[in-house]
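Novice: Whatever this is, show me its structure:
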Amino acid sequence: MYNADPGCQGRADRDRQCSLGLAVDPREPYLSGNVVPTRVWHGDVLDVDCQVPHGVPIVDEMGTQSAQWFRVHLPDGPAWLPAVRTLDRPVLPLCPPAPTS
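Specialist: As a prediction, this is how the structure comes out:
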């Protein structure tokens, strides 16, 4: 995970102000109601297995924009990391389509 805020890079503590909430659904607006409880911090290595190239577009503090999201495996279930929050852009298969109700 990458945090563009220099004040949050290289910190040993896990100050919540420097954390990132991962999305529940990459196709829904990235707002507080669409965030899992687990937080991640700069430098965390996350286990990802697939990607959604056309989710909700996200723009970071530096103006980098992407609609790509990575599915992350957490102990309490899957979540989604916006591609603007990683320095790595791994080549991953597309995630299967979400079930419709």
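
Novice: Now name the helix or strand holding the residue nearest the centre of the chain.
Specialist: Central residue of the chain (CA atoms, centre = their mean): residue 81, 1.5 Å from the mean position. Assigned by DSSP states H and E, residue 81 belongs to strand 77-82.

Novice: just checking, what packs against that strand?
Specialist: Contacts defined by 3 or more CB pairs under 8 Å, 6 or more residues apart in numbering; DSSP states H and E place strand 77-82 against strand 20-23, strand 35-40, strand 69-74. (Glycine included, C-beta is placed from N, CA and C.)

Novice: in that strand, what's buried?
Specialist: For strand 77-82, the neighbour count (16 or more other CB atoms under 10 Å) marks 79, 80, 81, 82 as buried.

Novice: Now find how far off-centre it is within its chain.
Specialist: From the chain centre to the centre of strand 77-82 is a distance of 6 Å (CA atoms, centre = their mean, to the nearest Å).

Novice: and what of stretch 52-67?
Specialist: Remark: stretch 52-67 is offset 10 Å from the chain centroid, using CA atoms, centre = their mean.

Novice: Need the residues that contact stretch 63-78.
Specialist: Stretch 63-78 is contacted by residues 22-23, 26, 36-38, 46-59, 79-84, 86, 89-90, 92, 95 when judged by CB atoms under 8 Å, 6 or more residues apart in numbering.

Novice: pLDDT (mean, whole number) over it?
Specialist: Over the span of stretch 63-78, the pLDDT mean works out to 93.

Novice: could I have that stretch exported to CSV, CA atoms only?
Specialist: C-alpha atoms of stretch 63-78 as CSV (Å, rounded to 0.1, in the frame of the first residue of the first chain):
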residue,chain,number,x,y,z
GLY,A,63,-3.7,14.0,-9.3
THR,A,64,-3.1,10.4,-10.4
GLN,A,65,-6.4,8.9,-11.6
SER,A,66,-7.3,5.3,-12.1
ALA,A,67,-10.5,3.2,-12.3
GLN,A,68,-8.5,0.0,-11.6
TRP,A,69,-9.1,-1.8,-8.3
PHE,A,70,-7.3,-4.9,-6.8
ARG,A,71,-9.2,-7.5,-4.8
VAL,A,72,-7.4,-7.9,-1.4
HIS,A,73,-7.7,-10.9,0.9
LEU,A,74,-8.1,-9.9,4.5
PRO,A,75,-8.7,-12.2,7.5
ASP,A,76,-12.3,-11.1,7.6
GLY,A,77,-13.0,-11.4,3.9
PRO,A,78,-12.2,-9.6,0.6
